[in-house]
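# sequence first, then the predicted structure:
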Amino acid sequence: MPGRDLSRTPLVLVVIALATTLAYAGSFSGDWISDDGPMIVENTSLHALTIENLTTIATSRSDGVNYIPLNFLSLAIDRALFGLWPPGFHLVNLLLHIATAFAIYFFLLRIPEPGGLAAAAALLWAVHPVQVESVAWISERKNLLSTLFFVLAFDAYLRFSATPRIRTYLLVLLLYMAALLSKVNTIVLPAMMLVYEIALRRRLRPRDVAAALPLFACGGLVAWANLSGNTSHGASYHGGSLVSTLQTSSTTIPRYLLNVVAPFDLSGYYPVPLRASWLDPTVAFSVAVIVVLVALTCWLAWRGAPDAFWLAWFGITLSPMLNLVPFPALMNDRYLYLPLVGLLVPLLRLGQLLLQRADAFRWAAIAIVAATFVSLTLARVPVFRNELNLWADFGLRFSYITSDRPWGPPPRREEKRLLADALKRHPERAALYNNVGGFAFEEARFADALASLERAYELGPDDPTIALNLGRTYLALGRVDDAVRTLERAIQLEPAAFFPQLNLARGYLLRGDLGRARATLERAKSIKKDPFFWREFEQQLTRAETRAPS
């Protein structure tokens with residue numbers, strides 16, 4: 001790295017490693033949670049490093065959804081080393097996270113960024129609390145591996161860009177394929193290579209385009225392997241259309257920005273109401289924020305400012321997680337794992353500009369921010385310790401959407417105890433009454449459900465989830481007119497949601513209004529095209545229409 005002072009590098013690496021280890025010390029007591037069961041514990045292809053299992057990992061979607069063989073190979077190696085001892089898996093996650101922070105530090109030096117800024121950015125990236133979901137949840141190993149390979153591949157490309165050699169290019173290609181085979185969102189690397197040439201090097205040579213083309217082809221091939229025949233990814237847009245998905249996804253951008261600069265209210269689950277209009281105030285505000293970010297990036301690029309590259313990094317690396325190709329979740333902290341560095345560098349540079357005459361104070365400010373992030377990360381890690389903590393992280397704050405029909409789940413005694421205790425402390429929180437009522441509905445205790453959900457609706461009349469759950473309960477109790485009125489309100493609050501439409505169609509059918517039932521069902525079908533969700537009701541409606549007098 002010509003011209004870069006590396007004399008302080010050992011100290012930087014030690015500080016990053018120690019601070020990150022301290023922040024994640026509590027992760028070693030974490031158990032298997034959520035996807036860990038089917039993905040790791042019950043996944044027979046991970047049980048032993050046999051030729052048969054390795055072939056299965058290499059040729060199939062080992063979790064039934066994603067083609068990420070390197071991720072599952074790493075988990076299989078962990079299984080061979082540690083058995084089903086979670087601390088071993090957590091240790092590997094932590095080591096990968098620290099290794100990625102080191103890689104980011106060296107990558108920033110090669111860009112090049114000043115040594116102090118590179119050190120601060122790598123440190124804050126490593127201990128930022130939005131990273132907890134990726135590090136403390138074993139199943140998110142794919143985030144750690146893919147980002148490490150992505151950064152290493154980009155670092156190799158910087159060397160190739162400066163001094164083209166075939167062996168360096170082959171290293172770029174190898175590392176890029178490793179990133180893709182760990183998680184396909186890293187498909188954006190060749191686009192970022194071109195942005196680097198344009199925004200930082202102020203050029204775009206034919207050889208730059210030629211170098212990117214094979215990588216685009218590899219990315220397309222791996223994307224096809226992930227999406228072909230995949231019923232979970234690339235299958236159905238949220239709200240039934242790309243437009244509705246874009247309107248909804250736009251609203252996550254301001255929330256991501258807030259979580260970066262003020263990570264005090266993070267969650268393992270973020271309710272993201274489906275949007276159906278560009279004139280929706282939340283959508284309009286979010287689009288305005290996006291326009292400002294794009295305009296700022298273009299202006300900085302025109303002026304030759306390096307932060308144009310970093311803002312583009314944030315936007316481009318986040319874009320695969322914005323449901324342009326649809327998948328079930330709309331927003332998660334783990335989606336910021338790779339994009340985060342693209343915001344930290346400009347923010348740190350802005351801080352340096354504001355404190356340019358007070359070098360000691362500037363480092364004191366960075367130390368305070370780092371210590372705050374470490375404390376927030378320490379406090380957040382236990383959320384991923386067990387299933388109960390993970391449930392409580394959202395179940396005590398947000399309205400829970402019940403299953404569409406009662407299904408008699410396990411008693412959930414601990415969850416109910418937590419809800420009862422929370423209600424004593426927060427007797428006016430609508431979400432708590434909703435969740436108590438939601439449990440009762442699923443257990444077919446409709447009178448109990450009604451009492452809690454009516455109280456929730458009284459406290460939170462603008463919450464579409466509460467209106468949906470209450471409407472379902474009215475239907476179960478045969479109070480059809482109340483159900484129709486409440487479900488119409490749920491649709492008014494969230495026009496692009498499927499289940500309010502489906503349940504309203506049920507209400508119209510029970511009321512004998514077959515025309516409205518059919519029209520509402522067709523709207524529901526346009527939102528969620530999978531017949532699994534509406535086939536049974538459509539059969540009921542068709543039978544009723546057949547029996548009706550012409």
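Received it, and whenever you're ready, just let me know what you need.
# how about low-confidence regions in the protein?
1-7, 62-64, 234-235, 357-360, 550 (pLDDT under 70).
# in it, which helix has the most residues?
Selection of the longest helix in the chain by residue count, based on DSSP state H, yields helix 86-110.
# so what's Arg455 closest to, chain neighbours aside?
In this structure, Arg455 finds its nearest non-sequential neighbour in Tyr433, 4.6 Å apart by C-beta to C-beta, 6 or more residues apart in numbering. Heads up, the C-betas are built off the backbone N, CA and C, glycines and all.
# sticking with that neighbour, tell me its helix or strand.
helix 430-442 (DSSP states H and E).
# the longest helix of the chain - contacts with which helices or strands?
For helix 86-110, the helices and strands in contact under the criterion 3 or more C-beta pairs under 8 Å, 6 or more residues apart in numbering; DSSP states H and E are helix 9-23, helix 69-82, helix 115-127, helix 132-136, helix 141-162.
# for the ones you listed, which one ends up most surrounded?
helix 132-136 (a mean of 26; mean count of other C-beta atoms under 10 Å).
# and it, what does it pack against?
Using 3+ C-beta pairs under 8 Å, 6+ apart, the elements in contact with helix 132-136 are helix 86-110, helix 141-162, helix 359-380.
# could you dump those into CSV and include distance to Leu174?
What follows is these, written out as CSV (distance: least, C-beta to C-beta, whole Å):
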stretch, distance to Leu174
helix 86-110, 15
helix 141-162, 8
helix 359-380, 33
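# those helices: which one's closest to Ala120?
Of all these, helix 359-380 sits nearest to Ala120, with 5.0 Å by C-beta to C-beta.
# show me where this structure has its strands.
For the chain, applying DSSP state E gives no strands.
# what's the domain layout of it?
For the chain, automatic domain parsing gives the domain ranges 9-387, 390-547.
# start to end distance for the longest one?
Domain 9-387 stretches 40 Å from its first residue to its last (C-alpha to C-alpha, to the nearest Å).
# repeat that for the shortest one.
End-to-end distance of domain 390-547 (C-alpha to C-alpha): 49 Å.
# from the chain's centre, how far out does it sit?
The chain centroid and the centroid of domain 390-547 are separated by 25 Å, computed with C-alpha atoms, centre = their mean, to the nearest Å.
# repeat for the longest one
Centre-to-centre, domain 9-387 and its host chain are 10 Å apart (C-alpha atoms, centre = their mean).
# returning to what we had before: what angle separates the longest helix of the chain from helix 69-82?
Angle of helix 86-110 versus helix 69-82, following axes from the mean of the first three to the mean of the last three C-alpha atoms, to 10 degrees, is 130 degrees.
# tell me which residues of helix 86-110 are tucked away?
Residues of helix 86-110 classed as buried: 86, 88-94, 96-98, 100-110 (neighbour count, 16 or more other C-beta atoms under 10 Å).
# hmm, back to that, who are the packing partners of the helix holding Tyr433?
When contacts are defined as 3+ C-beta pairs under 8 Å, 6+ apart, helix 430-442 sits against helix 413-425, helix 446-459, helix 464-476.
# mind saving the C-alpha coords of that helix as PDB?
The C-alpha atoms that make up helix 430-442 are tabulated as PDB, following Å, rounded to 0.1, in the frame of the first residue of the first chain:
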ATOM      1  CA  ALA A 430     -52.500  -1.300  22.400                       C
ATOM      2  CA  ALA A 431     -50.100  -3.900  21.000                       C
ATOM      3  CA  LEU A 432     -50.000  -5.800  24.300                       C
ATOM      4  CA  TYR A 433     -53.800  -6.200  24.300                       C
ATOM      5  CA  ASN A 434     -53.700  -7.200  20.700                       C
ATOM      6  CA  ASN A 435     -51.100 -10.000  21.300                       C
ATOM      7  CA  VAL A 436     -53.100 -11.300  24.300                       C
ATOM      8  CA  GLY A 437     -56.200 -11.400  22.200                       C
ATOM      9  CA  GLY A 438     -54.200 -12.900  19.300                       C
ATOM     10  CA  PHE A 439     -53.100 -15.800  21.400                       C
ATOM     11  CA  ALA A 440     -56.700 -16.400  22.600                       C
ATOM     12  CA  PHE A 441     -58.000 -16.300  19.000                       C
ATOM     13  CA  GLU A 442     -55.500 -18.900  17.900                       C
END
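# now do the same contact list for Met253.
Actually, residue 253 is Ile. It isn't Met. Contacts for Ile253 were tallied using C-beta atoms under 8 Å, 6 or more residues apart in numbering; they are Ser286, Val289, Ile290, Leu293.
# then Asn230?
Residues in contact with Asn230 (C-beta under 8 Å, 6+ apart) are Arg61, Val65.
# for it, give its distance to Leu171.
30 Å (C-beta to C-beta, to the nearest Å).
# do Val272 as well
Val272 is 39 Å from Leu171, where distance means C-beta to C-beta.
# next up, the contacts around Glu387.
Glu387 makes contact with Asp31, Ile33, Ser34, according to C-beta under 8 Å, 6+ apart.
# let me see the contact set for the first one.
Taking C-beta under 8 Å, 6+ apart, we find Asp31 in contact with Pro86, Arg385, Asn386, Glu387.
# could you redo the last one with a cut-off of 7 Å?
Applying C-beta atoms under 7 Å, 6 or more residues apart in numbering to Asp31 gives the contacts Pro86, Arg385, Asn386.
# what about the last one, how many residues nearby?
When counting by other C-beta atoms under 10 Å, one arrives at 15 neighbours for Asn386.
# next, the closest residue to it other than its chain neighbours: phi, psi?
Distance criterion C-beta to C-beta, 6+ apart; nearest residue to Asn386, sequence neighbours excluded, is Asp31 at 5.0 Å. Recorded main-chain torsions at Asp31 are phi -100, psi -180, according to degrees, to the nearest 10.
# state the distance from Asp31 to Phe89.
To Phe89, Asp31 is 11 Å away according to C-beta to C-beta.
# Asp482 too?
As judged by C-beta to C-beta, Asp482 and Phe89 stand 50 Å apart.
# what does Phe532 give?
Taking C-beta to C-beta, one finds Phe532 at 34 Å from Phe89.
# what do you get for Ala371?
28 Å.
# cool, and His233?
For His233 relative to Phe89 (C-beta to C-beta), the value is 25 Å.
# then Ser232?
Ser232 is 24 Å from Phe89, by C-beta to C-beta.
# do the same with His47
Using C-beta to C-beta, we find His47 at a distance of 15 Å from Phe89.
# show me what contacts Ala440?
Shown in contact with Ala440 (C-beta under 7 Å, 6+ apart): Asp448, Ala449, Ser452.
# now Gly460: phi and psi?
According to degrees, to the nearest 10, Gly460 has phi -130, psi 70.
# what sits against it?
Taking C-beta under 7 Å, 6+ apart, we find Gly460 in contact with Ala430, Ile466.
# how deep is the closest residue to Pro214 other than its chain neighbours tucked in, by neighbour count?
Leaving aside its sequence neighbours, Pro214 sits nearest to Leu173 (C-beta to C-beta, 6+ apart; 6.8 Å). Neighbour count for Leu173, taken as other C-beta under 10 Å: 17.
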